[in-house]
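Student: need a structure here:
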Amino acid sequence: MEFRAADSEQPARSNLPARLAPRRGRGRWGPRLPSLPSPFPGDSSHPAAERSNSMKARGRLLLIILCSLGFSAIYILLCCWACLPFCLASCLDPHFSVNFRPTVPGPLHFSGYSSVPDGKPLVRELCHSCAVVSSSGQMLGSGLGAKIDGAECVLRMNQAPTVGFEVDVGQRSTLRVISHTSVPLLLRNYSHYFKQARDTLYVVWGQGKHMDRALGGRTYRSLLQLTRMYPGLQVYTFTEHMMAYCDQVFQDETGKNRRQSGSFLSTGWFTMILALELCEEIVVYGMVSDSYCREESHPSVPYHYFEKGRLDECQMYLAHERAPRSAHRFITEKAVFSRWAKKRPIADEDDWKLDLGLLMSLWTFFFASIVLQLLGASLLGTHLLSPEDSGEAR
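Tutor: Now for the predicted structure:
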């Protein structure tokens, strides 16, 4: 009997019976059996699938990181945008002198205002907080009296009364800016304005022969008589230089010469100029925006809160704005005030409400972004632990 070694190129025959031997193929060696998964985790039969799932997981992780960074960037930008007016509040417009922001504490000399009768400049310390109270009918029903009186200095205009309106406009008056045309109106009730409110400082604006000190203009003589009737009464007038300065600011802001355009500056204009010199922080009450009267749903209020039933505020504003000559430009002035509020510490009562609402929106956005990030991380962790994504059989 002859024995031969098995050929290395052919598989050796099994000594088991044919029906018990494992058959790995079809034809010569029988039908192919399904491959069993490897019992060892590192010995995967699908390395390409594992790499694909790993790349997907990394992509999802990168996407969540990018979303988190995006949410954070948007939140920071919104916070910066909300705080921008306050950050710029200390910046000065080139139209205003740097002397408006002193570097040393103590009483300051305001050379734009001279006392009656000696002509000395106004000397006083700055007000840390000022409430500029408009005479608008917007003040009716506002209930802002206590908040207005809480300011260090309260600025009022012309003959706007406080008696009977304390709940809405307050009762304190630190300073009252008066038009030369309104002086006779105050003189009719001088016992209220000048006798009872002896601690109020009065600043009268106007120019021309009626305010002329050298020639003894009619309005100036009335002021002079008041100081004699009530010794210690603080009465000042805008100097001619200050009046010219206010005209120049109007031209710089609007591009129009006040005289040539037939415009009269309002008492509100002079009050804002004075407040910017005197106050570190300003809150304006009852002054609408320049777009208010163009809104269809705006309520009808009187031009003055103490003159109910008279001309509507917006009717007065629009009539003056459209008049070709000898008119106040209320809407134009309010547009200028809005621009100033972006660069200086000026705010409207509604601005504080808006800032509070914006702050709440920012906090809501912040917490929502945190929740979304946590939810995304949770879903990603669940997905990474899924046997389907990890390449394991179910």
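Student: give the buried residues for the strand ranked longest in the chain.
Tutor: Taking DSSP state E as the assignment, the strand of the chain that covers the most residues is strand 108-115. By 16 or more other Cβ atoms under 10 Å, the buried positions in strand 108-115 come out as 108, 110, 112-115. In this view, the C-beta of every residue, glycine as well, is placed from N, C-alpha and C.
Student: repeat that for stretch 326-341.
Tutor: Buried-residue list, stretch 326-341, by 16+ other Cβ under 10 Å: 328-337, 340-341.
Student: so what's Ile178 bridging to?
Tutor: Val204 (DSSP bridges).
Student: can you count the residues close to it?
Tutor: 26 (other Cβ atoms under 10 Å).
Student: cool, and the one 5 residues further on?
Tutor: Applying the criterion other Cβ under 10 Å, we find 22 residues in the vicinity of Val183.
Student: next one: Arg124
Tutor: Neighbours around Arg124, by other Cβ under 10 Å: 14.
Student: nearest to Val288, of the buried residues of stretch 326-341?
Tutor: Lys334 (6.9 Å; Cβ to Cβ).
Student: tell me the domain ranges of the protein?
Tutor: Annotated domains of the chain cover 55-92+352-394, 105-342 [automatic domain parsing].
Student: related to what we said a few turns ago, please narrow the buried residues of stretch 326-341 to those residing in helices.
Tutor: 330-337, 340-341 (DSSP state H).
Student: turn those into JSON lines, including distance to Gly232 and pLDDT.
Tutor: Below are these laid out as JSON lines (distance: Cβ to Cβ, whole Å; pLDDT from 0 to 100):
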{"residue": "Phe330", "distance to Gly232": "35", "pLDDT": "96"}
{"residue": "Ile331", "distance to Gly232": "40", "pLDDT": "97"}
{"residue": "Thr332", "distance to Gly232": "39", "pLDDT": "97"}
{"residue": "Glu333", "distance to Gly232": "34", "pLDDT": "97"}
{"residue": "Lys334", "distance to Gly232": "36", "pLDDT": "96"}
{"residue": "Ala335", "distance to Gly232": "40", "pLDDT": "96"}
{"residue": "Val336", "distance to Gly232": "36", "pLDDT": "96"}
{"residue": "Phe337", "distance to Gly232": "34", "pLDDT": "95"}
{"residue": "Trp340", "distance to Gly232": "34", "pLDDT": "93"}
{"residue": "Ala341", "distance to Gly232": "36", "pLDDT": "91"}
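Student: and the helices in the stretch 101-250 of the chain?
Tutor: Secondary structure of the stretch 101-250 of the chain, counting by DSSP state H, counting those that start in this stretch: helices at 145-149, 166-169, 183-188, 190, 218-229, 240-254.
Student: out of those, which comes closest to Glu277?
Tutor: Evaluated over the helices of the stretch 101-250 of the chain, closeness to Glu277 peaks at helix 240-254, with 9.8 Å, by Cβ to Cβ.
Student: from the contact counts, what lies against that closest one?
Tutor: strand 108-115, helix 267-278, helix 330-341 (3 or more Cβ pairs under 8 Å, 6 or more residues apart in numbering; DSSP states H and E).
Student: what does the first one rub up against?
Tutor: Pointing back at strand 108-115 there. Contacting residues not belonging to strand 108-115 are listed as 102, 120-126, 203, 234-239, 241-242, 245, 274, 277-278 [Cβ atoms under 8 Å, 6 or more residues apart in numbering].
Student: filter these down to the buried ones.
Tutor: 122, 126, 203, 234-239, 242, 245, 274, 277-278.
Student: which of those residues lies closest to Ser182?
Tutor: Closest to Ser182, out of all of these and judged by Cβ to Cβ, is Val203, at 12.1 Å.
Student: okay, the residue nearest to Cys279 when sequence neighbours are not counted: pLDDT?
Tutor: Leaving aside its sequence neighbours, Cys279 sits nearest to Cys130 (Cβ to Cβ, 6 or more residues apart in numbering; 3.6 Å). For Cys130, the model assigns a pLDDT of 98.
Student: check Trp29 too.
Tutor: 45.
Student: tell me where the model's unsure across the stretch 51-200 of the chain.
Tutor: Along the stretch 51-200 of the chain, the model assigns pLDDT under 70 to residues 51, 75, 78-105, 195-197.
Student: export stretch 179-192 to PDB, keeping only CA atoms.
Tutor: Extracted in PDB, the C-alpha atoms of stretch 179-192 (Å, rounded to 0.1, in the frame of the first residue of the first chain):
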ATOM      1  CA  SER A 179     -39.900 131.300  27.600                       C
ATOM      2  CA  HIS A 180     -39.900 135.100  27.500                       C
ATOM      3  CA  THR A 181     -43.400 134.900  26.200                       C
ATOM      4  CA  SER A 182     -44.600 132.900  29.200                       C
ATOM      5  CA  VAL A 183     -43.300 135.300  31.800                       C
ATOM      6  CA  PRO A 184     -46.600 137.300  31.800                       C
ATOM      7  CA  LEU A 185     -48.500 134.000  32.400                       C
ATOM      8  CA  LEU A 186     -46.400 133.300  35.500                       C
ATOM      9  CA  LEU A 187     -46.800 136.900  36.800                       C
ATOM     10  CA  ARG A 188     -50.600 136.400  36.900                       C
ATOM     11  CA  ASN A 189     -50.100 133.700  39.600                       C
ATOM     12  CA  TYR A 190     -46.800 134.900  41.000                       C
ATOM     13  CA  SER A 191     -47.800 134.000  44.600                       C
ATOM     14  CA  HIS A 192     -47.700 130.300  43.500                       C
END
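Student: now that stretch: buried residues?
Tutor: Under 16+ other Cβ under 10 Å, the buried positions of stretch 179-192 are 179-180, 182-183, 186.
Student: over to stretch 194-206?
Tutor: Per 16+ other Cβ under 10 Å, stretch 194-206 contains these buried residues: 194, 197, 200-206.
Student: quote the end-to-end distance of it.
Tutor: 20 Å (Cα to Cα, to the nearest Å).
Student: how about residues contacting it?
Tutor: Contacts for stretch 194-206 (Cβ under 8 Å, 6+ apart): 113, 122, 124, 173-181, 183, 186, 193, 211, 219, 223, 226, 229-230, 232-238, 243, 267, 270, 274.
Student: on that earlier part again, turn the buried residues of stretch 194-206 into TSV, including distance to Asp252.
Tutor: Below are these laid out as TSV (distance: Cβ to Cβ, whole Å):
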residue	distance to Asp252
Phe194	36
Ala197	35
Thr200	31
Leu201	28
Tyr202	28
Val203	22
Val204	24
Trp205	19
Gly206	22
